[in-house]
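Q: Kindly return the folded structure for what I paste below:
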Amino acid sequence: MTTTTPSRGRRRAPSRMERAAGKAAALQRPRVILALLLLLALVCVLLLDGYLRAEVGGDQRVRTGAASSDVPDDVLDGGPIVTFRGGQATTVSVPDRTIALTFDDGPDPTWTPRVLAILAKYDVPATFFLVGSMVSRYPGVVRDMVDQGHEVGIHTFTHVDLSYQSDARVRREMEQTQLALAGAAGITTTLFRAPYSSQTDSIDNYSWPVYEKLGQDGYTSVFVDTDSDDWKRPGVSKIVRWATPKKNKGASVLFHDAGGERSQTIEALPEYIEKMRAKGYSFTTISGALEQQRQQAPAGAAPGTGGSRLQAAHRRATGAILYEGKALVAAVAVAEWAVPALSAGLMVVGVAVLGRFGMMLLLARRHHRLRNRRRFGWGPEVTRPVSVIVPAYNEKECIANTLDSLARSTHPIEIIVVDDGSTDGTSEIAREAALARGMTNVRVVRQENAGKPAALNHGVRSARYDIVVMMDGDTVFEPDTVRRLVQPFADPEVGAVAGNAKVGNRDTVIGAWQHIEYVMGFNLDRRMYDLLRCMPTIPGAIGAFRREAVLQAGGMSEDTLAEDTDITIALHRAGWRVVYQEHARAWTEAPGSLKQLWSQRYRWSYGTMQALWKHRKSLTDTGPSGRFGRVGMPLVVLFQIVTPVFAPLIDVFTAYSMIFIDFTAALLAWLAVLGVQLVCAAYAFRLDREKYRYLLMMPLQQLAYRQMMYLVLIHSCVTALTGGRLRWQKLKRTGEVGTPAGAS
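A: Numbering: from 1, shown residues only. Predicted coordinates for the structure are as follows:
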């Protein structure tokens, strides 16, 4: 073993970052908050859209055998309009030969305008009982309705049976619908019709308290005398016949302008209007019917309370309710635009992800067959010595294990340990370990802390041989790793070789998750990129380079936090070929906590973005040097940045579908995607001869670990877009990967 005097490494960008660590740390928190706020905004949009489209939870529609003993008899036997003026429940009937034409469940963008056109043609006023969620989605239809002189009432916000709801829910349903009306048409209303109601004689002890409470709040509850049952689509003739009052009596008549296919209603309505006019009937609104009855009442009396004049149902919205209503309509407009756009985008992302899985399987299989043929070879066997460079910063827990694994190498090597200003005695431990094992091929050099790229460059400059192998100070090699790793250099076009990095500490949940990721994601990807000749990254844990190629590229760059990706792309642009050697395996210590994992992946993601941006001109390179720009750059951007950024939306949308659309279908779709991933993972494990039992952790990985990786990437994107800088972060090591644990 030999030693050299400490060399002073040139100060690099990471050192300047470290001097500004306090400022950087202060800037990171707002970016995390911004990323979380963006995700929260998306969730809120989806929840709003789901709330508008469906009621959450079950809602029983029919209650049988309910008593009505608490309901006044004159209400049960009275007219369809129930008022509570003066606190006393009073019913009002529609005058004879008068039709109060009412429509429920709207507005609908297809059917309501057609109903309005028919009413305008025959100059017939009507009262529309509107669902608040539909009002907020189609405010323009409501404005047209009010402008044409029609009357509107509340039909709750989500079409829920209020007799089953709490007082708070009842109040919320009414207030939200009033807000929607204020935002859509600048009005509020005093009319109310309960969903699933019919005639007054159907009021029971459960629903009556609701009508009483709403009456105390100033609402007039409206029921029906005659129901067209048009929602059953029985045919035009039956709709007309069922909607016709008996014996020339007046009636509150129910039709529907929404809630389903309403072509029969549209066809029946003109025929009904003409028939009723031929019988001498006139048409009015609910307020019009109340006014007619008031005028017909004896002098000094009005239906229900004294002779005070009944006002029209509409009130002009002003002040806070007007602006809150406009805000609600605007928020719904955003949701109405965002959700379809997200649906379309996620469809594209889903197709791209599935296409990637298919491409990875096909190319990985081809790569495996090609590289494992009996006659396959890179050329004459490479037997000349190589230099192994081990950059180390505070690696006292691991460095002895690393050197111990290199001592067993079946290929001739020199080992250069570059201590990057460690403060824990790493260099002393390395020297003692080399002496204890009788390793005369180890050189330990020290430099002031300048970062990993500077340490690697120091090692490259100090190397005696034309092939350099780079590994991390927390990694161990198998005895034949170096020999297998350098064989591709028999091909003069090969400038660098990526090895097969494996997770050594895989016995914990976090370690098992990363093990699946390494085997499935990293190594399947590298097989694919190898065949496409556009591999983006040689892992820092195990990679080999032609020394001249590294020096020609300017060495390991300090411009990014992903020096391994940076140098790999630089070699592509220099015209060198980069390949993957699956049988050269290294065992590395993966982060053991979620905090450390976040730090590592945050740096990887941000550094990859830096490297891609640095080499963006590769898109315009020509010839062999432009292959990465034409093929690799789009693939990396699409599959390592764009689709992962949008991938969380798939899970959010799945939850949205389970809650608001179809739980079974959404669950089956999620399981189908998981099944595709399991197939890919199982094949990757087969290629790497790994134990399948780790795949039992994959469903949990998809639910928890994958979401964390997505958030890390989103955090990195926010940092990049806001012009942030990220400093190098040292991970805490335990040294538990002492031997190639898990090796076959």
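
Q: Output stretch 461-472 as CSV - backbone C-alpha positions only.
A: Once non-C-alpha atoms are left out, stretch 461-472 reads as follows in CSV (Å, rounded to 0.1, in the frame of the first residue of the first chain):
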residue,chain,number,x,y,z
ARG,A,461,-5.9,11.7,-12.9
SER,A,462,-4.1,9.4,-10.5
ALA,A,463,-5.0,6.2,-12.2
ARG,A,464,-2.3,4.1,-13.8
TYR,A,465,-4.4,2.2,-16.3
ASP,A,466,-6.6,3.0,-19.3
ILE,A,467,-9.8,1.6,-17.8
VAL,A,468,-11.2,3.0,-14.6
VAL,A,469,-13.9,1.5,-12.5
MET,A,470,-15.9,3.8,-10.2
MET,A,471,-17.8,2.7,-7.2
ASP,A,472,-19.3,4.3,-4.1
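
Q: and that stretch, how far out from the chain's middle?
A: 44 Å (C-alpha atoms, centre = their mean, to the nearest Å).

Q: cool, stretch 704-717 as well?
A: 11 Å.

Q: So for it, what gets flagged as buried?
A: 705-706, 708-717 (16 or more other C-beta atoms under 10 Å). For glycine as for every other residue, the C-beta is placed from the backbone atoms N, C-alpha and C.

Q: Columns secondary structure and pLDDT on top of the residues you listed, output as JSON lines?
A: Shown next, in JSON lines, are the buried residues of stretch 704-717 (DSSP: H, G, I helix; E, B strand; the rest coil; pLDDT from 0 to 100):
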{"residue": "Y705", "secondary structure": "helix", "pLDDT": "77"}
{"residue": "R706", "secondary structure": "helix", "pLDDT": "74"}
{"residue": "M708", "secondary structure": "helix", "pLDDT": "78"}
{"residue": "M709", "secondary structure": "helix", "pLDDT": "77"}
{"residue": "Y710", "secondary structure": "helix", "pLDDT": "73"}
{"residue": "L711", "secondary structure": "helix", "pLDDT": "74"}
{"residue": "V712", "secondary structure": "helix", "pLDDT": "78"}
{"residue": "L713", "secondary structure": "helix", "pLDDT": "75"}
{"residue": "I714", "secondary structure": "helix", "pLDDT": "73"}
{"residue": "H715", "secondary structure": "helix", "pLDDT": "72"}
{"residue": "S716", "secondary structure": "helix", "pLDDT": "75"}
{"residue": "C717", "secondary structure": "helix", "pLDDT": "75"}
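
Q: which strands and helices sit next to the host helix or strand of L363?
A: According to DSSP states H and E, L363 maps onto helix 319-371. The helices and strands touching helix 319-371, judged by 3 or more C-beta pairs under 8 Å, 6 or more residues apart in numbering; DSSP states H and E, are helix 21-53, helix 132-137, helix 167-185, helix 524-532, strand 577-588, helix 643-660, helix 663-687.

Q: Let me see the ranges of the helices in the stretch 101-250 of the chain.
A: 111-122, 132-137, 139-147, 167-185, 208-216, 236-242 (DSSP state H, counting those that start in this stretch).

Q: Could you figure out how far the fifth one is turned away from helix 167-185?
A: Spelled out, that is helix 208-216. 50 degrees (axes from the mean of the first three to the mean of the last three C-alpha atoms, to 10 degrees).

Q: Please enumerate the strands of the stretch 501-650 of the chain.
A: 543-546, 577-588 (DSSP state E, counting those that start in this stretch).

Q: Please apply the same query to the stretch 351-500 of the chain.
A: Counting by DSSP E, counting those that start in this stretch, the strands of the stretch 351-500 of the chain are 386-392, 413-420, 442-447, 467-470, 475-477, 494-503.

Q: As JSON lines, those strands with mean neighbour count would be great.
A: As requested, these are arranged in JSON lines below (neighbours: other C-beta atoms under 10 Å):
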{"stretch": "strand 386-392", "mean neighbour count": "25"}
{"stretch": "strand 413-420", "mean neighbour count": "25"}
{"stretch": "strand 442-447", "mean neighbour count": "22"}
{"stretch": "strand 467-470", "mean neighbour count": "26"}
{"stretch": "strand 475-477", "mean neighbour count": "27"}
{"stretch": "strand 494-503", "mean neighbour count": "26"}
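
Q: Output those strands in a markdown table; the columns should cover mean pLDDT and distance to M697.
A: Converted to a markdown table, those look like this (pLDDT from 0 to 100; distance: least, C-beta to C-beta, whole Å):
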| stretch | mean pLDDT | distance to M697 |
| --- | --- | --- |
| strand 386-392 | 95 | 32 |
| strand 413-420 | 94 | 35 |
| strand 442-447 | 93 | 39 |
| strand 467-470 | 97 | 31 |
| strand 475-477 | 94 | 23 |
| strand 494-503 | 94 | 12 |
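
Q: Serialize these to a markdown table and add fields for distance to D96.
A: Listed next are the strands of the stretch 351-500 of the chain as a markdown table, based on distance: least, C-beta to C-beta, whole Å:
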| stretch | distance to D96 |
| --- | --- |
| strand 386-392 | 98 |
| strand 413-420 | 98 |
| strand 442-447 | 104 |
| strand 467-470 | 97 |
| strand 475-477 | 94 |
| strand 494-503 | 85 |
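
Q: Confidence-wise, which helix or strand of the protein is lowest on average?
A: Lowest mean confidence among the helices and strands of the chain (mean pLDDT, DSSP states H and E): helix 13-19, at a mean of 42.

Q: so how many other residues sit close to V509?
A: 13 (other C-beta atoms under 10 Å).

Q: contacting residues around the nearest residue to it once chain neighbours are set aside?
A: In this structure, V509 finds its nearest non-sequential neighbour in M697, 7.0 Å apart by C-beta to C-beta, 6 or more residues apart in numbering. M697 sits next to 509, 512-513, 516 when contact means C-beta atoms under 8 Å, 6 or more residues apart in numbering.

Q: which residues does the spatially most central residue of the chain contact?
A: Most central in the chain under C-alpha atoms, centre = their mean is L649, positioned 1.7 Å from the mean C-alpha point. Taking C-beta under 8 Å, 6+ apart, we find L649 in contact with 42, 342, 345-346, 349.

Q: how much space between it and E563?
A: 32 Å (C-beta to C-beta, to the nearest Å).

Q: Next: V45.
A: For V45, the distance to E563 - C-beta to C-beta - is 40 Å.

Q: And S462, by the same measure?
A: For S462, the distance to E563 - C-beta to C-beta - is 18 Å.

Q: the more surrounded of the two?
A: E563 (23 against 17).

Q: Tell me which residues touch the more buried one, please.
A: E563 neighbours (C-beta under 8 Å, 6+ apart): 452-453, 456, 540, 556-557, 607.

Q: which stretches of the protein have low pLDDT?
A: Scanning the chain for pLDDT under 70 picks out the ranges 1-36, 38-39, 42, 46, 50-65, 297-311, 648, 721-744.

Q: Filter the contacts of M697 down to the buried ones, PyMOL style.
A: This is the PyMOL syntax for the buried subset of these, where burial follows 16+ other C-beta under 10 Å:
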select buried, resi 512+513+516
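
Q: wait, which of the contacts of M697 is closest to P492?
A: Set against P492, the nearest of the contacts of M697 by C-beta to C-beta is I516 (37.0 Å).

Q: is it true that that closest one touches A681?
A: Yes: under the criterion of C-beta atoms under 8 Å, I516 makes contact with A681 at 6.2 Å.

Q: Would you list the phi and psi of V253?
A: phi -110, psi 130 (degrees, to the nearest 10).

Q: ok, back up a step: sitting in helices, which of the contacts of M697 do you find?
A: The members of these that map onto helices under DSSP state H are 509, 512-513, 516.

Q: Columns distance to Q199 on top of those, output as TSV?
A: Below are the ones in helices among the contacts of M697 laid out as TSV (distance: C-beta to C-beta, whole Å):
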residue	distance to Q199
V509	62
A512	64
W513	62
I516	63
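
Q: which secondary structure element contains S252?
A: With DSSP H and E as the criterion, S252 is inside strand 251-256.

Q: chain center to the helix holding L363: distance?
A: With C-alpha atoms, centre = their mean, you get 8 Å for helix 319-371.

Q: quick revisit: ok, of the contacts of M697, which one's closest to V382?
A: I516 (32.8 Å).

Q: Now do the contacts for the closest one.
A: 681, 694-695, 697-698, 701 are the contacts of I516 under C-beta under 8 Å, 6+ apart.
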